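Asker: everything below, folded, please.
(2 chains)
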Amino acid sequence: MKTAKFVGYLRWFSVCLSLLMSSFSWAQGSPSTGWLTSSDHDAVKVKLSVTGEFNPETRTLPALLTVQLKDEWKTYWQAPGEGGIPPRIDLASSQGIERIDWHWPTPSEYYVQSIRTAGYKHQVTFPLEIVVSEATERAQLDAVFTLSSCTNICVLTDFPLQLNIDVNQLSPDSEQSFAFARAMSLVPRPLGNAQVTRADYNADDQQLSFVLSRKSRWDSPQVFVHSEDKQLDEVVFKLVQQTVSVDGKRLIASFKASHWLELPELVNRQVSITVNDDPFSAVYTTQLDRSNSTTTNDPLDTMTIWGALFAALLGGLILNIMPCVLPVLGIKVQSLIANSDASARQVRYQFLATAMGVISTFIVIGALLGLLKLSGARISWGMQFQNPWFIAVLAFITLAFAINLFGLYQIRLPQWLNQWALKSQRSSLLGHFSQGVFATVLATPCTAPFLGTAVAFALGAPMYLLLLIFFGLGVGMALPWLSIAAFPQTRKLLPKPGPWLKWVKPIFGALLLATSVWLFTLLTPHWLKASSESTSAEQTSERPWQMLSFKTIHQAVTQGKVVFVDVTADWCITCKANKLGVLEQEPVYSALAAPDLIRMRGDWTVRNDYITDYLRAYGQYGVPYNRVYGPGAPEGIELPIILTSDAVMQAIKEARNE
Amino acid sequence: MNKWGLRFIKLLGYLVVAAAIAFGVDLYRNNNVPTTLPDELTLTSLAGEPLSIAKMSEEEPVLLYFWATWCPVCPTVSPTVDWLSDDYNVISVALRSGHNTKISAYLEQQELGFITVNDTQGAIARQFNITATPTILIINNHKVTSATSGFTSPPGILARLWLSKF
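Answerer: Modelled structure (predicted):
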């Protein structure tokens, strides 16, 4: 009893002591400016803090510069695009500080009317490395941080940054170290599953052309260009065109270079291409070749407006036979056969109405996407299918139509609408128009050959071209209707109406029902997400990994086993790339399944001091981190940050002492 | 009254409401802008000629346009101001945008011909309590009659110039 009480006191005392220690170390160990605001501009606030670490070899102090922006305010990337200026620090009267190296998290693109900028919204943390001068122990930061921020107005704000840093008094703050590692993970790296397969410059039109090839498909990539070359410092690279090849694996982008005074020679210069295709983000530095000719040899690389328009027509036409639209087309043909006594004039008007329904819906979709693009949102074909409510409504509508086709009930328009339609004798035409609208809305989840090409071109093009391409898509899809409208006599070629007609409806009804079922299955991931917070799909497909533990590693190694350690985090994009590109690919996948191998994982998604200590033990401050232990390497073999299957296989072999 | 008459009145109503909102936003955003010109304000253009806004404003309203090379919104407003500079007194102030040669080269590249004053340190903007670009001030007879920031349409600026005379 007495000892229990004593232990209780001791525990309380130790908690107090550690609290005291931690507050003490915060005040002295990792200085911060705290949140700074400006009376001129209350929409932004900034904070600079050092993590408390110091690398005596490189004389660097890792630090975090956090910027918070209200509402629609944005700040800018190192190469902000046309107009815009990156945030910068002027060391002013600082003492003992040589320079500050910036790291830039992957930006997003924003549009002000047609002007494209690269930057950040809401919050961004820049990882900095403050380089302390030789033989300096006490550094005094007395600098000015100039931040530009814009909505539909722009403001340049100066924040004084003052910190006194004594490198001997520093002690690492695990919260700050974690935040630093997290911020560093958002800085793009040269990931292995994509590469620049072409980079050249044409001096005639000052255009740079790039092709980025990737093993998997590009979804909705954003591409940015900048150069670390001091002489190219003030060159502005303006995005001209961006398309994805038909197979989706090649991203083709061209930029126009300009300089306020005189454009320097760009051939053989180094430029960096940053690509953001959430969650994939990477940067590739490459040398610019001289472009061989004024026109590109590969017809797929640069698509002309005519090419895109042709692709749109063809893609739209093919959409008709895709499973999402076919039932609607079928119903239409059926109604044509059933009303074979209708006059050519009537048929012509009906089909024209449907065609107009199709074309106008495409234009509306195009206009909506264009407006979203102008507002800076990320857009893609069929993006509305990410919205569960949209899918649910569409699923119920198709279900209702399918049941209607089975003849279980008749859809009745409200009385007033019926009367309005009758009175103006618009009844049939309105119906035919809405059939066109319905067919188009149903078609959006489908992609047809050529459609992706046309849409990718349209989404990267200015507004009028975007609308033109969507108009082309509409005309393409409406071609069957238009051709019947143009030649109503063609309907004579269709089979004569007969008793077989009563089977047509149920067949197309079944097709429509299948569409409805498919739409409901699209909803299941949304339901799953709502019912359980964990991403169950990912866990089931994966083999179990043990929790990271030093003790287990040593025990296993003495027993002659190999231990593969993977320290990772959900927010770490490089970790995901390693996992998908190497760990889950052959031959590594099988090698990790060997009976004498223990897979061990440290999940650093949220702060975990045990894992932080593990990383610290090897002088690491971030993830991904991989190490292989075994009888051949009891201290472990460190793997490169960006894994390759060769490196992993080689390390496992060495660790096993083979 | 016929149907079209009613529609016209409705449209007029919307325009009045929109103008009132724009006016309100102007007032809120630029409530720190002084109503009279700062004393002894003589500016020097990039070409080196002295400009006295006070004197100029005694005859015709002066449009004072604050912009910057680092402002991605400004290229949407600058062409309108440049177009107006053919018929009105326009003076532009380049806020913290670098040295004279850079600004001259930028203006040439963007094909902007308006008279420009280089406000390297932002001192002129401070005198008017202006922090944001693009901002347009209308000055008539020593008085700042309107101040507006952000996108502005040509009819909007013309209306402000016209209203400044009352």
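Asker: least trustworthy helix or strand in the chain by mean pLDDT?
Answerer: All of this is about chain A. helix A:536-541 (a mean of 38; mean pLDDT, DSSP states H and E).
Asker: please go with chain B instead
Answerer: Within chain B, confidence by mean pLDDT, DSSP H and E is lowest for helix B:3-29 among all helices and strands, at a mean of 74.
Asker: low-confidence regions, the stretch 251-400 of chain A specifically.
Answerer: A:292-303, A:322-324, A:331, A:334-336, A:338-342, A:373-388 (pLDDT under 70).
Asker: if you set the cut-off to 80 instead, what comes out?
Answerer: A:260-261, A:278-279, A:291-305, A:321-347, A:369, A:372-395, A:397-398, A:400 (pLDDT under 80).
Asker: for chain B, what are the nearby residues on it?
Answerer: Proximity of the stretch 251-400 of chain A to chain B, by C-beta under 8 Å from any C-beta of the partner chain, involves residues A:258, A:260-261. C-beta coordinates here come from the backbone N, C-alpha and C atoms, glycine included.
Asker: residues from chain B in reach of chain A?
Answerer: Counting by C-beta under 8 Å from any C-beta, chain B sits next to chain A at B:29, B:68-76, B:95-96, B:101-102, B:105-106, B:109, B:122, B:131-135, B:149-151.
Asker: distance of B:Ile9 from B:Lys3?
Answerer: 11 Å (C-beta to C-beta, to the nearest Å).
Asker: okay, those two: which has more neighbours?
Answerer: B:Ile9 (10 against 7; other C-beta atoms under 10 Å in any protein chain shown).
Asker: centroid residue for chain B?
Answerer: Taking C-alpha atoms, centre = their mean as the criterion, B:Ile136 is the residue nearest the geometric centre of chain B, at 2.1 Å.
Asker: in this structure it contacts B:Thr148, no?
Answerer: Yes: counting by C-beta atoms under 8 Å, B:Thr148 is a contact partner of B:Ile136 at 5.3 Å.
Asker: which residues are in contact with both of these two?
Answerer: Residues touching both B:Ile136 and B:Thr148 by C-beta atoms under 8 Å, 6 or more residues apart in numbering or on different chains: B:Arg160.
Asker: filter the residues of chain B next to chain A down to just the ones in helices.
Answerer: B:29, B:74-76, B:101-102, B:105-106, B:109 (DSSP state H).
Asker: ok, and the most crowded of those?
Answerer: That'd be B:Cys74 among those, by other C-beta under 10 Å, with 28 neighbours.
Asker: what bridges to the closest residue to that one other than its chain neighbours?
Answerer: Nearest non-adjacent residue to B:Cys74, counting by C-beta to C-beta, 6 or more residues apart in numbering or on different chains: B:Trp67, 4.3 Å away. Per DSSP bridges, the residues bridged to B:Trp67 are B:Ala94.
Asker: check A:Lys238 too.
Answerer: A:Lys256.
Asker: can you check A:Lys74 too?
Answerer: A:Lys121, A:Cys150.
Asker: picking that back up, now the helix or strand just after the least confident helix or strand of chain B: mean pLDDT?
Answerer: Going down the chain from helix B:3-29, the next helix or strand is strand B:42-44, by DSSP states H and E. Strand B:42-44 carries an average pLDDT of 83.
Asker: please apply the same query to stretch A:41-52.
Answerer: 91.
Asker: which parts of it are buried?
Answerer: Residues of stretch A:41-52 classed as buried: A:41, A:43-52 (neighbour count, 16 or more other C-beta atoms under 10 Å in any protein chain shown).
Asker: same deal with stretch B:82-93?
Answerer: Here stretch B:82-93 shows B:82, B:84-85, B:88-93 as buried, counting by 16+ other C-beta under 10 Å.
Asker: what does stretch A:82-90 give?
Answerer: Buried residues in stretch A:82-90 (16+ other C-beta under 10 Å): A:82-87, A:89.
Asker: of the residues you listed, which one scores lowest on pLDDT?
Answerer: Among the buried residues of stretch A:82-90, A:Gly83 has the lowest pLDDT, at 75.
Asker: sec struct for it, please.
Answerer: Using DSSP: H, G, I helix; E, B strand; the rest coil, the three-state assignment for A:Gly83 comes out as coil.
Asker: now do the contacts for it.
Answerer: Contacts of A:Gly83 by C-beta under 8 Å, 6+ apart are A:115, A:117, B:69-75.
Asker: next, the contact list for the residue nearest to the centre of chain B, please.
Answerer: B:Ile136 neighbours (C-beta under 8 Å, 6+ apart): B:63-66, B:77, B:81, B:146-149, B:152, B:157, B:160.
Asker: out of these, the closest to chain A would be?
Answerer: When the contacts of B:Ile136 are compared for distance to chain A (C-beta to the nearest C-beta), B:Ser149 wins out at 4.7 Å.
Asker: tell me the residues of the stretch 51-200 of chain A that contact chain B?
Answerer: Counting by C-beta under 8 Å from any C-beta, the residues of the stretch 51-200 of chain A near chain B are A:80-85, A:112-113, A:115, A:117, A:148, A:150-157.
Asker: now with 6 Å?
Answerer: A:83-85, A:112-113, A:115, A:117, A:148, A:150, A:152-156 (C-beta under 6 Å from any C-beta of the partner chain).
Asker: adding secondary structure and distance to A:Arg656, write those out as TSV.
Answerer: Output for those, formatted as TSV (DSSP: H, G, I helix; E, B strand; the rest coil; distance: C-beta to C-beta, whole Å):
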residue	secondary structure	distance to A:Arg656
A:Gly83	coil	58
A:Gly84	coil	54
A:Ile85	coil	55
A:Val112	strand	58
A:Gln113	coil	61
A:Ile115	strand	58
A:Thr117	strand	52
A:Ser148	strand	55
A:Cys150	strand	57
A:Asn152	coil	62
A:Ile153	coil	63
A:Cys154	strand	60
A:Val155	strand	61
A:Leu156	strand	59
